[in-house]
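> what's the 3D shape of this:
(chains A, B, C and D)
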Amino acid sequence: MSGYTPDEMMSIAAARELRDGVLCFVGIGLPSEAANLARRTHAPECMLIYESGTLGAKPDVLPLSIGDGVLAERADSVVSVPEIFNYWLQAGRIDVGFLGAAQIDRYANINTTVIGDYQKPKVRLPGAGGAPEIAASAKEVIIILRHKRRAFVENLDFLTSVGHYKGGKSREGLGYTGAGPTMVITDLGILRPREESRELELVAVHPGVEVDQVREQTGWDLAVSDDLKTTAPPTEEELGVLRELRRKTEAARKEGAG
Amino acid sequence: MSGYTPDEMMSIAAARELRDGVLCFVGIGLPSEAANLARRTHAPECMLIYESGTLGAKPDVLPLSIGDGVLAERADSVVSVPEIFNYWLQAGRIDVGFLGAAQIDRYANINTTVIGDYQKPKVRLPGAGGAPEIAASAKEVIIILRHKRRAFVENLDFLTSVGHYKGGKSREGLGYTGAGPTMVITDLGILRPREESRELELVAVHPGVEVDQVREQTGWDLAVSDDLKTTAPPTEEELGVLRELRRKTEAARKEGAG
Amino acid sequence: MDKLTSLREAVAKLVRDGDAVALEGFTHLIPTAAAHEIIRQRKGDLTLIRMTPDLIYDQLIGMGCAKKLVFSWGGNPGVGSLHRFRDAVENGWPRPLELEEHSHAGMANRYVAGASGLPFAVLRGYKGTDLPRVTGTVAPIKCPFTGEELMAVPALNPDVTVIHAQQADRRGNVAIWGISGIQKEAALSARRVIVTVEEVVEEFEPRPFQIVLPAVAVDAICEVPGGAYPSYAHGYYERDNAFYEEWDGISRDRERFRGWMERHVLGVESFEEHLRSIRKEEVMKA
Amino acid sequence: MDKLTSLREAVAKLVRDGDAVALEGFTHLIPTAAAHEIIRQRKGDLTLIRMTPDLIYDQLIGMGCAKKLVFSWGGNPGVGSLHRFRDAVENGWPRPLELEEHSHAGMANRYVAGASGLPFAVLRGYKGTDLPRVTGTVAPIKCPFTGEELMAVPALNPDVTVIHAQQADRRGNVAIWGISGIQKEAALSARRVIVTVEEVVEEFEPRPFQIVLPAVAVDAICEVPGGAYPSYAHGYYERDNAFYEEWDGISRDRERFRGWMERHVLGVESFEEHLRSIRKEEVMKA
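Below is the predicted model of the structure:
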């Protein structure tokens, strides 16, 4: 298989990690694309939940936002925002939280708040949204973001959502019910927390990617697994479904009311 | 006007106290009859709220229970039980709480829990239901019950719902937002709390009722207003509407599914 | 839909001796059929939870299935006392019944906390009443911002919640319309959930004030037409108020109660047979 | 229905300088028309409250109406930054903007507490994050039963909440269907409530996942067809995703932004005129 982009590989690698039948709390953007790809390939019974209150959303195009009408159209149920966060997320019903990030550190803590100082930021980002409690209460968290040195940083400018906190058992001390991030999927490879230290280590690179390339784009001294794998390249089906989804989404977006 | 029962006088006297347009949280039984009578006479815009979650109920017969289908049929809205208690009652939206009681004391505190000792009761009553928080959070509370010595007691066997507590400013010390009971309406007359002491005093007797009769049926030394009034007897319209409501209710009850 | 099963199997598999069981319903949609099945299977030592214990709890208590009742209002709505409940509390018959008593607002918020994965809920109530004196599960709590002292009540998380609903769809989603009371929170706070329904349909129609409980929150769905009788199912059949009045007589006397239960509950194999035995089969065809 | 009034009158009467104002909406039913009217009437020193400040908050901030923002996610959904919001935070233009920042779960529960008449809400969150460091309105609280330490957040009680809904009936009840987000709690927690609606109808039809806000919880109802544009009104018109992308360009530059606002918001008298001025009048006939 040839002729796919690193972004396509990232979405496909992330989609593969979603087991069929799980309840997935989906962030907008990259996570939403991956989750919807999974639902269209190997995980048709995966139940997608968006923070706007849609339970079992079945969008036929990717939503531009977490409250698009396509999410409510054929959902199993639509509830209020407090219900989604309290009865579904905080109650521990969510198997997988799918999150993006602007910055991430070696313990998979996330920043989506500011670049620079909080009071006088260089870049003011949108902020926390649903992420802190998804990171806290989903049974497991999968993070998807592009692998850039400015994103994979030694020290976060702001800790918006807790991953493995300061490593080791420090997350457990915060009283969160979920296990935290189990995987970080990028356009270069896949990272997982080490058993004891909970520090992220590179466990797979995507086809054609060198470990040095990944180190280059990581702002700390990246741990690499002794048993480093290479991700299986996208199948024809995966690529076909992903591209069709993007095409339909783009068409719907252009159409709209305008 | 002649030919009406003390119970009819009680319901009619209670109905008259409901101003048009108010939000009334209605207990089942006597309060429900009075509230529905008010809605059919001088207070058509009175909004009836039942603890089962019906907002603006418009029953055409009296419900046997607080969750009867007639309450939902033409209600403005139907919400969950937590919403009724939290968003409507506790939030202070209710103008008048209409309550019944098994026992009442001189400060209009109510018992609906047990007669006798709690652990080994002579009579186990149904319990608190919605009453404690109605008594706590409705802007004003009106209590309706038959005037019997065993009901108007010196000491409650159990304090289920707080009226004016120990009198004076003691209720305010509990932090409740509502003003507490402003009126007790019985089949003999009407009682109101005195300004300072908050002790109930007899302010009106129904036509033909003597003060001594009321004292006789009150388990404490009953205070009587210097300006004791006599309740206006039922009008033809009031009696007609009440009897028609009872007749339709009885007919519907007999019909049912059985 | 692999959740679709018989009520007998669902109760056998999901209700265990000693469980804390909530059979919820607020006058509407009382899960009568499920309560009878629990009695027929002789489940014991149950902690029964419900805001408004009524006839079915009177039956469970009178048949000795319950060791404890967690509740806020126990009566025969619009009629009067629950005689079996009273007999258990006043005379310990057929066995003593431990009580954990709250107000409706307290119970509702306990379910909300349970459904929210929180250990407690906060409300403005209980103060000055005798409830905290007899109920261990109430404690003061102070607002860290205003200093106001409020009351905390612990979460309810039943081992099993049983509710009755109008419909399930083929995917196992459950639709309730009309008065839905505390059913959503009772279900979402429980470890295991059984739902009896009037019927299984292809797809739900929009109905006034309809809520939908997603399949993933339900363990077993059992089609039991008329399963809420003598309560009602909005859109299917009305409440049989006469039966509630009749129950006053049936339940007043221990022997008459036992006789009725033996004949109409223990002596039948299903709720369908029960309805025939009391000549109410018409509700199944509503 | 004496609550029915013009949007101009409702804003003039119910929104005051210095108010804490929540114009809520979760992508769906954003009250754009009301935001424009607030800008046209030059309301100032507002504390703006919203979980998801988007284009209309960008406009209010860029026009200098806001002194403070209480929020949990401020962006152009699916597109990127809110440039006027960023310019205010990063450069203090046109005036500095004080921030009170929470998570969605925190904001949602703050509205719930406000709607419930409680001074605070409890959730499991914030711990280990930098939010409590920069946000004063978070405090630890201990469960009196389990000892678990959780987080408390204070209630939100806006002076005014503005929402857009599909319909009102003649009695002044309001119907919302599809995604209803936090609108119910935002309305019920407020001192004053303005609702703009697509249309006033005789009676509501049952719709999927419809909620009804009773008339008594609403102070003013204003019929403004298309009033949520470029957001959508489920059953009326779709979201104009293209406009959200266009806004990125309009808002990026201070002058272009001011020019657009002067021409399309300040330079018109009503939302109807606004829609004509940007050639989107078709949403009014949806």
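> how about the nearest residue to the residue in the stretch 151-258 of chain A that chain B sits nearest to, chain neighbours excluded?
For the stretch 151-258 of chain A and chain B, the shortest gap (C-beta to the nearest C-beta) falls at A:Thr177, measuring 22.5 Å. Placement of C-beta: from N, CA and C, glycine included. Leaving aside its chain neighbours, A:Thr177 sits nearest to A:Gly92 (5.2 Å; criterion: C-beta to C-beta, 6 or more residues apart in numbering or on different chains).
> and the one you found, helix, strand or coil?
Of the three states, A:Gly92 takes coil under DSSP: H, G, I helix; E, B strand; the rest coil.
> that one is in contact with A:Gly178, isn't it?
Yes: taking contacts as C-beta atoms under 8 Å, A:Gly92 lies within contact range of A:Gly178: 7.4 Å.
> which one's more surrounded, the two?
A:Gly178 (24 against 14; other C-beta atoms under 10 Å in any protein chain shown).
> ok so, going back, common neighbours of A:Gly92 and A:Gly178, please.
Here A:Gly92 and A:Gly178 have A:Ser137, A:Lys139 as joint contacts, going by C-beta atoms under 8 Å, 6 or more residues apart in numbering or on different chains.
> and the pLDDT at the residue of the stretch 151-258 of chain A closest to chain B?
Listed pLDDT for A:Thr177 reads 91.
> over to A:Thr249?
So A:Thr249 comes in at 89 (pLDDT).
> likewise A:Asp68?
Predicted confidence (pLDDT) at A:Asp68: the value is 86.
> same check, this time on A:Ser65
Reading off the model, A:Ser65 has pLDDT 82.
> give me the phi and psi for the closest residue to it other than its chain neighbours.
Spatial nearest neighbour of A:Ser65, excluding adjacent residues (C-beta to C-beta, 6+ apart): D:Pro77 at 3.2 Å. The phi/psi pair for D:Pro77 (degrees, to the nearest 10) reads phi -60, psi 120.
> measure how buried D:Pro77 is and give me the count.
24.
> can you give me the end-to-end span of stretch A:34-50?
Using C-alpha to C-alpha, to the nearest Å, the end-to-end distance of stretch A:34-50 comes to 14 Å.
> buried set for that stretch?
Residues of stretch A:34-50 classed as buried by neighbour count (16 or more other C-beta atoms under 10 Å in any protein chain shown): A:34-41, A:43, A:46-50.
> need the contact list for A:Ile115.
So A:Ile115 contacts A:Ala102, A:Gln103, A:Pro121, A:Lys122, A:Val123, A:Leu125, A:Asp157 (C-beta under 8 Å, 6+ apart).
> now A:Thr218
A:Thr218 neighbours (C-beta under 8 Å, 6+ apart): A:His147, A:Arg149, A:Phe152.
> which helix or strand contains the residue in chain A that chain D sits nearest to?
Taking C-beta to the nearest C-beta, chain D has its nearest neighbour within chain A at A:Gly67, 2.5 Å off. Assessed by DSSP states H and E, A:Gly67 sits outside every helix and strand.
> if I look at the closest residue to A:Ile144 other than its chain neighbours, what pLDDT would I see?
Among residues not flanking A:Ile144 along the chain, A:Leu30 sits closest, at 4.5 Å (C-beta to C-beta, 6+ apart). pLDDT, A:Leu30: 89.
> let me know how buried A:Leu30 is, in neighbour terms.
Neighbours around A:Leu30, by other C-beta under 10 Å: 22.
> packing partners for the lowest-mean-pLDDT helix or strand in chain A?
Least confident helix or strand, chain A: helix A:69-73 with a mean of 88, by mean pLDDT, DSSP states H and E. Counting contacts by 3 or more C-beta pairs under 8 Å, 6 or more residues apart in numbering or on different chains; DSSP states H and E, helix A:69-73 is packed against strand A:54-57.
> tell me how far the ends of stretch A:130-143 are from each other?
14 Å.
> can you get me a residue count around residue 165?
Because you didn't say which chain, this covers chain A. 23.
> oops, chain C please
Counted with other C-beta under 10 Å, C:Ala165 comes out at 27.
> kindly report the same for A:Gly173.
Other residues close to A:Gly173 by other C-beta under 10 Å number 12.
> do the one 4 residues further on as well
Around A:Thr177 sit 13 other residues, with neighbours defined as other C-beta under 10 Å.
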